[in-house]
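*Asks:* sequence? don't have it. structure:
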């Protein structure tokens, strides 16, 4: 459920200015309002909303007034299908981002294994590093489940590298290390998280930077 926004947050996060308004050219009615809300949501969160329920009613009313479309028109906006897919593609292009492909995910896991997971194994910290890396690479963060799989792959790669390094020095120690790591993995969830762990979420937009959608929010998390 979308939370209540204060006045500063409403104005700071949901006001369209400059060339953002130019992106609305040629759009009308529900299409215009829906596009405007997707654009601002992406700028704030660095991702698209999963549905209407993620967009606060205050934001809908505020943006509707800005773009000159009745708020009730949003009820006609299609949240699935060709229209919203085209809108997402236009917004990614505007911000200079792309979707996370399979090769992108594999490269991110390999980078994470070498640059982060050999020293850091706390899942929330690893996730924050991954999100920051994707942002630097101009890649839109994938779904929560895909993020977990990327992190799990990176943790396994780091373990294998460390075990191989130990084996070159002491084969007996490497065997013991592998057994200990298998035991730890059985106590963790699919993405390397300890079973029963609960992760927090939150954050606010720190600044309007077209080239870094969701940057401030992702730095403070790290949730989707």
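*Replies:* Arrived safely. In this text the structure is predicted, and so the values were computed from the model without any measurement. Numbering: from 1, shown residues only.
*Asks:* spell out, range by range, the helices that occur in the chain.
*Replies:* 7-14, 19-22, 29-45, 57-67, 82-95, 102-112, 123-136, 144-169, 171-186, 215-220 (DSSP state H).
*Asks:* list the buried ones in the third one?
*Replies:* Using 16 or more other C-beta atoms under 10 Å as the burial criterion, the residues of helix 29-45 that qualify are 30-45. C-beta here means a position set from N, CA and C on the backbone, and glycine is covered the same way.
*Asks:* give me the neighbour count for the closest residue in space to residue 52 that isn't next to it in sequence.
*Replies:* Leaving aside its chain neighbours, residue 52 sits nearest to residue 79 (6.3 Å; criterion: C-beta to C-beta, 6 or more residues apart in numbering). Residue 79 has 12 neighbours, counted by other C-beta atoms under 10 Å.
*Asks:* quick check: residue 79 touching residue 50?
*Replies:* No: in this structure, residue 79 is not within contact of residue 50 by C-beta atoms under 8 Å, at 9.0 Å.
*Asks:* so what's the spatially closest residue to residue 129 that is not a sequence neighbour up against?
*Replies:* When the adjacent residues along the chain are set aside, residue 129 lies closest to residue 116, with 4.7 Å between them (C-beta to C-beta, 6+ apart). Going by C-beta atoms under 8 Å, 6 or more residues apart in numbering, residue 116 touches 126, 129, 130, 154.
*Asks:* just those now: which is nearest residue 24?
*Replies:* Closest to residue 24 out of the contacts of residue 116 is residue 130 (33.1 Å), distances taken as C-beta to C-beta.
*Asks:* right, and the closest one touches residue 105 too?
*Replies:* No: counting by C-beta under 8 Å, residue 130 does not reach residue 105; the two are 10.2 Å apart.
*Asks:* most surrounded residue in the contacts of residue 116?
*Replies:* Result: residue 154 is most packed of the contacts of residue 116 (other C-beta under 10 Å), 26 neighbours.
*Asks:* residues near the closest residue to that one other than its chain neighbours, how many?
*Replies:* Once flanking residues are discounted, residue 154 sits nearest to residue 112: 3.7 Å by C-beta to C-beta, 6+ apart. Residue 112 is flanked by 24 other residues according to other C-beta under 10 Å.
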